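Peer 1: Give me coordinates for this.
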Amino acid sequence: MFKDFREFNMEKKLFLDRLFSFYGELLSDGQKEACRLYLDEDLSIGEIAAHLSVTRQGVYDTLNRAFSKLDDFEKKLELCSRFDAVQRELVALKEEMRQLVPETGSRDTYEKCLLRLDALTQIEDQE
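Peer 2: Numbers count the residues shown, from 1 in each chain. The predicted model follows:
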């Protein structure tokens, strides 16, 4: 999937950034730093090479290996895709609850449930 990351469009780069947020700690320190500089700081290969005092080819190889590992982690563990599925279900549940008319006596419980769902659907925004 990640034959040449330099050809990635913005959507693929955002996908890699999500994988990095889930699995970045599983990479080596050098891979983490190269990914951070590429994904978070938006530095070019040349800029990363200068910053890390390595060759451009070294940065290219490091990023390719790191992105391949991130992809492999997701294929095996599916944490990112499962998280997204849970988030979609929570949003759908919240919308369905908003359409319900609570009984007079359960209004407080209803409001608390909505607040809890709101908090759960905001978890991703806080990261």
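Peer 1: OK, contacts around Cys35?
Peer 2: By Cβ atoms under 8 Å, 6 or more residues apart in numbering, the contact set of Cys35 is 16, 20, 24, 27, 63, 66-67, 70. C-beta coordinates here come from the backbone N, C-alpha and C atoms, glycine included.
Peer 1: Would you list the buried entries among the residues you listed?
Peer 2: Using 16 or more other Cβ atoms under 10 Å as the burial test, those include 16, 20, 24, 27, 63, 66-67, 70 as buried.
Peer 1: Kindly tell me how buried Phe73 is, as a neighbour count.
Peer 2: Phe73 has 18 neighbouring residues, counting by other Cβ atoms under 10 Å.
Peer 1: distance of the residue lying closest to it once chain neighbours are set aside from Thr121?
Peer 2: Sequence neighbours aside, Tyr23 is the residue nearest to Phe73 in space, at 4.3 Å (criterion: Cβ to Cβ, 6 or more residues apart in numbering). According to Cβ to Cβ, to the nearest Å, Tyr23 stands 23 Å off from Thr121.
Peer 1: Please apply the same query to Asn64.
Peer 2: Asn64 is 35 Å from Thr121, by Cβ to Cβ.
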